[in-house]
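K.L.:
starting from these lines, generate the structure:
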Amino acid sequence: MASVVFLRAINVGGANLCKPAQLAKSMRGLDIVNIGAVGTFVVRNQISQQLLRKKFAARLAKSFRIKCEIMIAPARDLMAIASKNPFRREKSGPEITRFMSVLHNRPRKIPALPLCLPSSDDCLLKIIKIERQFVIGLYRREMKAIGYLGKIEKILDAPATTRSWGTIEKVLKVLSANS
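P.N.:
Below is the predicted model:
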């Protein structure tokens, strides 16, 4: 089964510069599809997560001289979460961004959900579901709200990288084309 690779903190604020399309091409033996510039890839070849992490880390160090967190998820797990339509009961609109944060592993302790930050009275970010290594939620399109994404790591005591649901939908499209 395919895997999905998420690189954390590349191409942010002029640091950890990487060209994901070039990275994917340089690893052509793995049949990789690059999903945009944020460091999200579908790896269609079957390969263990440990070996895949080593290959990505080595290529990032050699070609771009950067080191970053690498989160890897089995494609079937991501597809299973998405098939449940996690946002079906949530508000939508141009002022709301749907997101998924990906952790290295399943968190040891899960807080009561939904979790609103900074508070339920002034909810800028809402975590609605935590399943396996995935954190699903929404945030208001306000600058203050972005700061609360970093709190996900502190709450769950694990490194996380976040993608908009639009990016996740692009991943799912690639995965479904290969099923």
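
K.L.:
and Ser120, which of the three is it?
P.N.:
Following DSSP: H, G, I helix; E, B strand; the rest coil, the label given to Ser120 is coil.

K.L.:
same check on Ser63?
P.N.:
Using three-state DSSP, the three-state assignment for Ser63 comes out as helix.

K.L.:
phi first, then psi, for the residue nearest to it when sequence neighbours are not counted.
P.N.:
Spatially, and ignoring its direct neighbours in sequence, Ser63 is nearest to Ser26 (6.1 Å; CB to CB, 6 or more residues apart in numbering). The way it works is simple: take the backbone N, C-alpha and C, and place the C-beta from them, glycine included. Here the main-chain torsion angles of Ser26 (degrees, to the nearest 10) amount to phi -70, psi -10.

K.L.:
looking at this structure, which residue reaches furthest from the middle?
P.N.:
Asp121 (27.7 Å; CA atoms, centre = their mean).

K.L.:
mind checking how far that one is from Asn34?
P.N.:
Applying CB to CB, to the nearest Å, one obtains 41 Å for the distance of Asp121 from Asn34.

K.L.:
ok, Ser119 next?
P.N.:
Applying CB to CB, the value for Ser119 to Asn34 is 39 Å.

K.L.:
quick one, which of these two is more surrounded?
P.N.:
Using other CB atoms under 10 Å, the more surrounded residue of Ser119 and Asn34 is Asn34, with 18 against 8.

K.L.:
which residue comes closest to that one once chain neighbours are left out?
P.N.:
Once flanking residues are discounted, Asn34 sits nearest to Ala24: 4.0 Å by CB to CB, 6+ apart.

K.L.:
on the three-state scheme, the one you found is what?
P.N.:
Ala24 falls in the helix class when you classify it by three-state DSSP.

K.L.:
also Phe56?
P.N.:
Once three-state DSSP is applied, Phe56 turns out helix.

K.L.:
so how far is the helix or strand that contains Val42 off the chain centroid?
P.N.:
If you go by DSSP states H and E, Val42 is part of strand 40-43. Taking CA atoms, centre = their mean, to the nearest Å, the mean C-alpha location of strand 40-43 is offset from the chain mean by 11 Å.

K.L.:
ok, Val42 - contacts?
P.N.:
Going by CB atoms under 8 Å, 6 or more residues apart in numbering, Val42 touches 2-5, 32-33, 35, 75, 171, 174-175, 178.

K.L.:
surely Ile70 meets Lys54?
P.N.:
No - contact between Ile70 and Lys54 fails when scored by CB atoms under 8 Å: they sit 9.3 Å apart.
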